[in-house]
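**Q** predicted model and sequence below, questions to follow.
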Amino acid sequence: MRRRPSPSAALAVAALALALPAAHAADAPPRENLVSFTTTASIEVTKDLLGITLQAVRDGNDAAAVQAQLKKLLDAALTEAKKAAQPGALEVRTGNFSLYPRYGKEGRISGWQGQAELVLEGKDSERVAQTAGRLTGMNISSVGYSISRELAEKHESEVTGQAIQKYRAKATELARQFGYAGYALREVNVQTADSGGGPRPVLYRAKNEMSMASDAPVPVEPGKGTISATVSGSVQLTR
């Protein structure tokens, strides 16, 4: 015969069930006097990574023939560019390779057009620019400087420290303005980013406006970029 729990045991279980949420609530830190805000710090640096994208465009009536022409051009340019490749100074890679139909007035395919890209990127601007100038059969579609990963990592610690100092200073000031003695960190998120940019459409300018390598296809000038850090979160004001 199955025994039924006594009334006293049932009351004890109910009391325990009610006590558990209360215990968790007591363990959780209070949420009053919370202030959330964000601080940012940034450092200006000279962009150090030159990227040049070269493009070849071909069209014809036969898709296979157009593809073969582009492949031949790309293979030749890739072979020539790799002769000057050097880790860090000049990296070579293929870019977009596409083939699509061209339609006539009646909506039927009248031919094919394709394009192939080759990307040159490196910290040795002269080597990158001169190599691009030697690649016949391909035209430059974009050129631009960006911030390399190594340069960003070099300054991340410094700019992060600045953002954290600003966050702490602002927390202290907010506590003072609200009439509190200090604060305690509750939740903090730290992020870093750079505005180094990247390749952009080519804009031709006069030689005397920008520095230029001896046989570079376009003038190049690195310009400036920023490395930034953002600290966001919340603090609890304390008496």
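**A** Good, I have the coordinates.
**Q** any idea which helix or strand carries residue 55?
**A** strand 49-60 (DSSP states H and E).
**Q** same for that strand, what does it pack against?
**A** Packing contacts for strand 49-60, counted by 3 or more C-beta pairs under 8 Å, 6 or more residues apart in numbering; DSSP states H and E, involve helix 63-82, strand 91-103, strand 109-122, helix 125-134, strand 139-146. C-beta: built from backbone N, CA, C; applies to glycine.
**Q** return the shortest one as CSV; C-alpha atoms alone will do.
**A** Provided in CSV are the C-alpha atoms of strand 139-146 (Å, rounded to 0.1, in the frame of the first residue of the first chain):
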residue,chain,number,x,y,z
ASN,A,139,44.4,47.2,-66.5
ILE,A,140,44.3,48.6,-63.0
SER,A,141,40.7,48.8,-61.6
SER,A,142,41.5,49.9,-58.0
VAL,A,143,44.3,51.1,-55.8
GLY,A,144,44.5,52.0,-52.2
TYR,A,145,46.3,51.8,-48.9
SER,A,146,45.1,50.1,-45.7
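**Q** which residues touch residue 72?
**A** Contacts for residue 72 (C-beta atoms under 8 Å, 6 or more residues apart in numbering) come out as none.
**Q** do you know how far it is from residue 235?
**A** If you measure residue 72 against residue 235 using C-beta to C-beta, to the nearest Å, the figure is 64 Å.
**Q** lowest-pLDDT helix or strand in the protein?
**A** Among the helical and strand segments of the chain, the one scoring lowest on mean pLDDT, DSSP states H and E is strand 200-201, with a mean of 45.
**Q** and the next helix or strand past that strand?
**A** Immediately after strand 200-201, counting by DSSP H and E, sits strand 224-238.
**Q** low-confidence ranges, this structure, go.
**A** Low-confidence segments of the chain, defined by pLDDT under 70: 1-30, 196-218.
**Q** one more pass at 80, please.
**A** Within the chain, the stretches with pLDDT under 80 are 1-31, 195-219.
**Q** need the longest helix for it.
**A** For the chain, the helix with the greatest residue count under DSSP state H is helix 149-177.
**Q** show me which residues of the following helix or strand past that one are buried.
**A** As assigned by DSSP H and E, the chain's next helix or strand after helix 149-177 is strand 182-194. Applying a neighbour-count criterion of 16 or more other C-beta atoms under 10 Å, one finds 183, 192, 194 buried in strand 182-194.
**Q** who are the contact partners of residue 100?
**A** Residues in contact with residue 100 (C-beta under 8 Å, 6+ apart) are 112-114.
**Q** show me which of those are buried.
**A** 112, 114.
**Q** columns distance to residue 87 on top of the contacts of residue 100, output as TSV?
**A** As requested, the contacts of residue 100 are arranged in TSV below (distance: C-beta to C-beta, whole Å):
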residue	distance to residue 87
112	38
113	36
114	31
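**Q** for the contacts of residue 100, which one is nearest residue 80?
**A** Nearest to residue 80, judged by C-beta to C-beta, of those is residue 114 at 20.6 Å.
**Q** check contacts around that closest one.
**A** Listed by C-beta under 8 Å, 6+ apart, the contact set of residue 114 reads 57-59, 63, 66-67, 70, 97-100.
**Q** cool, and residue 112?
**A** Residue 112 neighbours (C-beta under 8 Å, 6+ apart): 59-63, 66, 99-102.
**Q** filter those residues down to the buried ones and hand me the PyMOL line.
**A** Per 16+ other C-beta under 10 Å, the buried members of the contacts of residue 112 correspond to this PyMOL selection:
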select buried, resi 60+63+66+99
